[in-house]
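S.K.: structure for the following, please:
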Amino acid sequence: MPTVLYDWPISMASLARQNPKDDRVAERFEIFICAMEIANGFGELTDPVEHRRRFKNDMALKDKLYGQTYPVDEDFIKALTFGMPNSSGIALGFDRLVMLLAGTNNIRDVIAFPKTTSAASLMDEAPSSVSDEQLVDLNISIIPKGD
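M.R.: Sure, this is the predicted structure:
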């Protein structure tokens with residue numbers, strides 16, 4: 001039997017617009033079948049002022065918890081000021097749907113070209129840390145607390 005979770009707390013739906021009938025929750029939902037997430041969707045937050053407020057609140061919390069922040073994506077905020085129409089979307093996990101139809105609990109059974117032999121091997125191959133050069137290449141800057 002499918003289960004639909006909806007009206008997510010705003011804090012758990014950073015890119016979703018606020019529900020006009022209840023300002024504590026966002027227009028976001030997820031669909032589960034047999035305890036597996038099959039789809040998730042939300043009404044897109046298109047208000048640049050609200051996005052900036054949420055970004056700043058998120059950074060204040062990150063600073064408090066981890067002692068570091070990230071810059072607000074000013075290009076994204078600027079793009080929203082040009083006027084984005086109301087929009088929404090849903091992401092359907094086709095591979096998960098096929099898992100249900102095939103009666104398997106392992107996603108590797110339904111992926112046509114699996115890249116690795118196990119999830120553990122992914123962790124073995126992952127770098128233990130990211131270098132400053134890699135951050136620069138990715139155009140990511142970390143602002144330490146106190147700067």
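
S.K.: before we move on, what's the pLDDT of Pro125?
M.R.: Rather than Pro, residue 125 is Glu. As predicted, Glu125 sits at a pLDDT of 59.

S.K.: can you check Asp22 too?
M.R.: Asp22 is given a pLDDT of 95.

S.K.: quick check: bridge partners of it?
M.R.: For Asp22, the beta-bridge partners are Asn19 (DSSP bridges).

S.K.: could you grab the helix/strand/coil label for the nearest residue to Cys34 once chain neighbours are set aside?
M.R.: Excluding its sequence neighbours, the residue lying closest to Cys34 (C-beta to C-beta, 6 or more residues apart in numbering) is Leu100, at 6.4 Å. To be clear about C-beta, it is placed using only N, CA and C from the backbone, and glycine gets the same treatment. With DSSP: H, G, I helix; E, B strand; the rest coil as the basis, the three-state label of Leu100 is helix.

S.K.: relative to Ala91, how far out is Leu100?
M.R.: 16 Å (C-beta to C-beta, to the nearest Å).

S.K.: picking up where we left off before, residues near the residue nearest to Cys34, how many?
M.R.: Per other C-beta atoms under 10 Å, the neighbour tally for Leu100 reads 15.

S.K.: please apply the same query to Thr69.
M.R.: For Thr69, using other C-beta under 10 Å, the count is 19.

S.K.: which non-adjacent residue is nearest it?
M.R.: Met59 (4.4 Å).
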